[in-house]
Every structure is written in structure tokens, then in C-alpha cells.
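Undergrad: Kindly generate the corresponding structure for this input.
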Amino acid sequence: MKKLLVNEKLTEEQIKQFESFSDSFEVTFDLNEKDAEILVGKFSPAQCKEYPNLELLLTTAVGYDNYIKKGVLPENTILCNAVDAHTEEVAEHVFATMVSMTKNLHLYRDVQKKHLWYDEGVTKSICDLTVVILGLGNIGKYLAQMCKRQGMYVIGVKRNLNDKPDYVDELYNLDKLDEILPRVDAVLSVLPSTKETFHIFTKERFELMKKDAILVNAGRGDLIDT
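TA: Below is the predicted model of the structure:
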């Protein structure tokens, strides 16, 4: 019988659901059970190395790049990430950050704390923005719909150009990025970390952008050459 180790804060009802698997698995919540073959929940790559018998990792994370590095998981381990687990939350966070920066709300917040009243400069109407969304997976599509509903002109960037959603005005591959950047008011990135996306934002690409354009990166940090 396989040992299934759960590393999540669960409700009583959820615990009962896992315990109902007892005929198929030996379910445990003790992280010291290092002989577990199945891990479910929030396990860091470093923690995974502590379970030499690991055969299946069901992670609640969406990003998987740190788990597929050599030496993290035993050979032939099956890895399942949590696709679409945080779609709405991430998209809403990106949208809120863009609006805050467009309206200088972060600046007004700071002067308000000091009990001061300053004019923090010209702002834009969000319905007049042209935005490019890099990555039209679940998060990117949800974000594009949010932007379109507010009247923005939406440019999408993805690998497959055969399926252009109605809420995306233009659709391109990543190799057109240099042509797109000078046109947009906001760059919203939800790209994963791959060989193709590593350090795609260089000094030269920032110089292509408008002086008042903004970048919100909800993808991996190594997209930007800091």
C-alpha cells in the first residue's frame, strides 16, 4: 500500500475525504514520514529531496520549473502542478496594480501617510490604455477579458495564433515584441520561465517602451534582466 503524505491546512471535512482513501492509500499528515511515495500540497524543491521513495508529487503550486531541475525529484517521479488554481486572484492582482500605477495611487498613498497634499502629476484614463498581455493561458485570457470590459485596446502574445479570442484586438508571437512595445501603455506579463523567455526584458527593450509605460510582471522573475 502506498503512503500518501498531505502538507496542507485542511478543514475537518477535507481531512475526512483524505482519510476515506484509506482502502487505497495509507494517508498521513506527518512530515517526518520520509518513506512516503506520494506527496500532496506545498512542498518546496528542497523538501522533496527528503523523500527518496517519491513516485508522485501533486503540488498546489502553478509554477513547476524549480521541480524539474536535476536532482530535485527521484527519476521517473510524476509531477502534477495546479493549473488554473489561482487564475482569478493573479489576474485581479495584475489588473489592480496596473490601475494603481496608472492613477498614481501608490504615490498618493505615500503622501497621505505623511498628512501632505501633493499633485502627483498627470494620470491616464484606463479606458484609453493600449495594453499587451504576454501569455494567453488561463490567467492571460481572464486578464484580457477584464481589460477589454474596461474599454482598453488589448494586444495578445502567445505561441499559437490560430485561436484569437474576440476580446483580443491583435495577436502575435513573441518574436514581434520589439514592434509592439513602443505602442503600448502597459505590459502585463504572465509568462513562465523557459529558455525562450529568460531575460526577455533587457535594457534595450525597456528603452523601446514609452517613457510613462509600465510593466507588471506576474510571471517568473527571471523574465527581467535586473
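Undergrad: Tell me the buried residues in the lowest-mean-pLDDT helix or strand in the chain?
TA: The weakest-scoring helix or strand in the chain, judged by mean pLDDT, DSSP states H and E, is helix 12-19 (a mean of 83). Buried residues in helix 12-19, counting neighbours by 16 or more other Cβ atoms under 10 Å, are found at residue 18. In this view, the C-beta of every residue, glycine as well, is placed from N, C-alpha and C.
Undergrad: For the residue lying closest to residue 103 once chain neighbours are set aside, which residues are in contact?
TA: Take residue 103 and drop its neighbours on the chain: the residue closest to it by Cβ to Cβ, 6 or more residues apart in numbering is residue 123, 5.0 Å away. By Cβ atoms under 8 Å, 6 or more residues apart in numbering, residue 123 lies in contact with 102-104.
Undergrad: okay, residue 123: pLDDT?
TA: Among the per-residue scores, residue 123 holds a pLDDT of 91.
Undergrad: ditto for residue 89
TA: Confidence for residue 89, expressed as pLDDT, is 93.
Undergrad: any idea how far residue 122 is from it?
TA: 31 Å (Cβ to Cβ, to the nearest Å).
Undergrad: Who has more neighbours out of these two?
TA: Set side by side, residue 89 and residue 122 show more neighbours around residue 89, with 10 against 7, by other Cβ atoms under 10 Å.
Undergrad: so what does whatever helix or strand the more buried one lives in touch, helix or strand wise?
TA: Here residue 89 sits within helix 87-102, counting by DSSP states H and E. Judged by 3 or more Cβ pairs under 8 Å, 6 or more residues apart in numbering; DSSP states H and E, helix 87-102 is in contact with helix 138-149, strand 186-189, strand 214-217.
Undergrad: Which stretches in the protein count as helices?
TA: For the chain, applying DSSP state H gives helices covering 12-19, 45-48, 87-102, 105-113, 138-149, 177-180, 203-208.
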